[in-house]
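[1] Dropping the sequence and predicted coords here.
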Amino acid sequence: MNTMLRGTALGLGLALAACSSSDSNDNDGSGSVAFSTWGEDYIEKRIPSESVADGWTIHYNKFLVVIRNIKVADGGGAVGAEMKESKLFDMTTSGPKPIVTFANVAAKPWTHVSYEIAPAAADTVIGAGTDADKQLMVQSGYSVYVDAVATKDQVTKKYTWGFKTVTLYDRCKGELAGKDTDGVVVTNGGTDTPQLTIHGDHLYYDDLQSKDAKVRFGFMADADKDNDGIITLDELSKVKLASISTKDIPYGTGSATGINDLGAFVTALSRTIGHFRGEGECFASAK
């Protein structure tokens, strides 16, 4: 399963991005590449009601992500730098968080940058978060975990969702110095500072592929059939997409198969949270 990630829409089963060339004026010597990660305001603060089609406000108490296997390579497959270990980050902590800095990388364009979001392991390093966060992720086998609350018109819904997906984000590209650039560009004595950006609003899109996908929460709230104020993934799995999809609210799955209920839909959306340099894109595929 491949996914082409954009800043606003999602496409399971789709891999249609074209590569743009990157160039450097200094292909001699070496420089550094310093990777960081950030969840932006939607995770650190809230997703405001005006950004949600049906008026809900969403706030994250925890947004845990495990990042591993960052690789910097060129078009021929040569690897310039690699971090094989995994690191856990609570994306609700303030500001960009450093992941790894590679020194003495050959000065040239490295057009193939990739990373994975995958389940935590005993040797996972805490980049931002607590020992309790790591214990939860390791014991449950989670790669992504959210603890959140949604509110609208004095109605409150809480939920803790954990996902065990393994996703490769490959051939990442994003804006660098005003230009759409594949991977990273290392210059002699310089430091490129790519960001692995996590998009917290992607868990609520109403289509996996359409450019017109919107953030929407109402049907998730309605899944709380026992009215205990808590939405579980099991409850979401009981909501068939065919029962909520309309012309205006498609809940479309594109070319993806086997996604028939809201629980499976949200799990598929969890693979689309990883981006590059803010709104930049990667090819995402299940591992």
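    Great, that's in hand.
[2] give me the low-pLDDT residue ranges for the chain?
    Residue ranges of the chain with pLDDT under 70: 1-27.
[3] again, 90 this time
    Within the chain, the ranges that satisfy pLDDT under 90 run 1-28, 209-212, 247-248, 254-256, 287.
[4] The strand ranked longest in the chain packs against which elements?
    Ranked by number of residues, the top strand in the chain under DSSP state E is strand 57-73. Contacting strand 57-73 under the criterion 3 or more C-beta pairs under 8 Å, 6 or more residues apart in numbering; DSSP states H and E are the following elements: strand 30-38, strand 79-90, strand 97-106, strand 112-117, helix 131-140, strand 144-152. C-betas here are computed from N, CA, C, even on glycine.
[5] Let's have those in CSV, adding distance to residue 48 and mean neighbour count.
    CSV is the format used below for these (distance: least, C-beta to C-beta, whole Å; neighbours: other C-beta atoms under 10 Å):
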stretch, distance to residue 48, mean neighbour count
strand 30-38, 18, 20
strand 79-90, 21, 19
strand 97-106, 23, 16
strand 112-117, 26, 24
helix 131-140, 26, 15
strand 144-152, 11, 21
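[6] out of those, which comes closest to residue 52?
    For the helices and strands packed on strand 57-73, the distance to residue 52 is smallest for strand 144-152, at 8.6 Å, taking C-beta to C-beta.
[7] who touches that closest one?
    Contacts to strand 144-152, defined as C-beta atoms under 8 Å, 6 or more residues apart in numbering, come from residues 49, 54-66, 117, 136-137, 156-163, 165, 200, 203, 217, 220-221, 270, 273.
[8] That strand pairs with which strands, parallel or anti?
    Sheet pairing for strand 144-152, assigned by DSSP bridges, gives strand 57-73 (antiparallel), strand 155-163 (antiparallel).
[9] before we move on, back to that, out of the helices and strands packed on strand 57-73, which is closest to residue 194?
    Smallest distance to residue 194 across these (C-beta to C-beta): 5.8 Å, for strand 30-38.
[10] still on that earlier bit, how distant is the longest strand of the chain from the center of its chain?
    In this view, strand 57-73 has its centroid 6 Å away from the chain centroid, taken as C-alpha atoms, centre = their mean, to the nearest Å.
[11] Now that strand - C-alpha only, CSV.
    Output in CSV follows, covering the C-alpha atoms of strand 57-73 (Å, rounded to 0.1, in the frame of the first residue of the first chain):
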residue,chain,number,x,y,z
THR,A,57,-12.7,21.8,18.7
ILE,A,58,-10.0,19.1,19.3
HIS,A,59,-7.3,19.3,21.9
TYR,A,60,-4.5,16.8,22.4
ASN,A,61,-3.3,15.8,25.9
LYS,A,62,-0.7,13.4,24.4
PHE,A,63,0.4,12.8,20.8
LEU,A,64,3.1,10.1,20.9
VAL,A,65,5.1,9.2,17.8
VAL,A,66,8.0,6.8,17.4
ILE,A,67,10.5,7.8,14.6
ARG,A,68,13.2,5.5,13.4
ASN,A,69,15.5,4.7,10.4
ILE,A,70,16.2,8.1,9.1
LYS,A,71,18.2,7.8,5.9
VAL,A,72,19.9,10.3,3.7
ALA,A,73,20.8,8.8,0.3
